[in-house]
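Chemist: the sequence and its predicted three-dimensional model are supplied below.
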Amino acid sequence: TALVFPSVWYEGMPLTIIEAFACGVPVIASRLGAMESMISDGYNGLHFEAGNEQDLKAHLEQWKSFDEAQQAVYKINARSTYEEYYTPEKNFQQLLSIYKNVIAENGVRQHG
């Protein structure tokens, strides 16, 4: 019903999380690195303290305590997160924006 992502590393951009969101699967993940910014606690998943077994267990119990309707909201939010930030089209636009900003800054430096 959810992806558990218990990394103790500062992941850059975990594709596994993006794939879970694409499938409408909420993520229960360590609160560090990209996981902290990709997952909105209480919206599209839950955070727990990295390396803290008791905190992970508590959040798994919390997830299991949610009824189907509550879990369904998280699933809808997970898919919405994917559609808002991680589709190929969104990533293309973000990359294009980065290139345009770099070119604009480089042009200012050359003429300014």
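Modeler: Yes, it's here. Numbering: from 1, shown residues only.

Chemist: hmm, A22 is touching Y86, no?
Modeler: Yes: in this structure, A22 is within contact of Y86 by CB atoms under 8 Å, at 7.1 Å. From N, CA and C alone the C-beta is placed, and that goes for glycine too.

Chemist: all strands for this structure, in order.
Modeler: 3-5, 27-30, 45-48 (DSSP state E).

Chemist: deepest of the ones you listed, which one?
Modeler: Sort the strands of the chain by mean neighbour count, taking mean count of other CB atoms under 10 Å, and strand 27-30 sits at the top with a mean of 26.

Chemist: partner strands of that one, parallel or antiparallel?
Modeler: strand 3-5 (parallel), strand 45-48 (parallel) (DSSP bridges).

Chemist: for this structure, what's the longest helix?
Modeler: The single longest helix within the chain, with elements called by DSSP state H, is helix 88-111.

Chemist: before we move on, the earlier item: which of A22 and Y86 has more neighbours?
Modeler: More crowded of A22 and Y86, by other CB atoms under 10 Å: Y86, with 19 against 15.

Chemist: what residues are up against the residue nearest to that one when sequence neighbours are not counted?
Modeler: Spatial nearest neighbour of Y86, chain neighbours left out: I18 (4.8 Å); criterion: CB to CB, 6 or more residues apart in numbering. Contacts for I18 (CB atoms under 8 Å, 6 or more residues apart in numbering) come out as M38, Y82, Y86.
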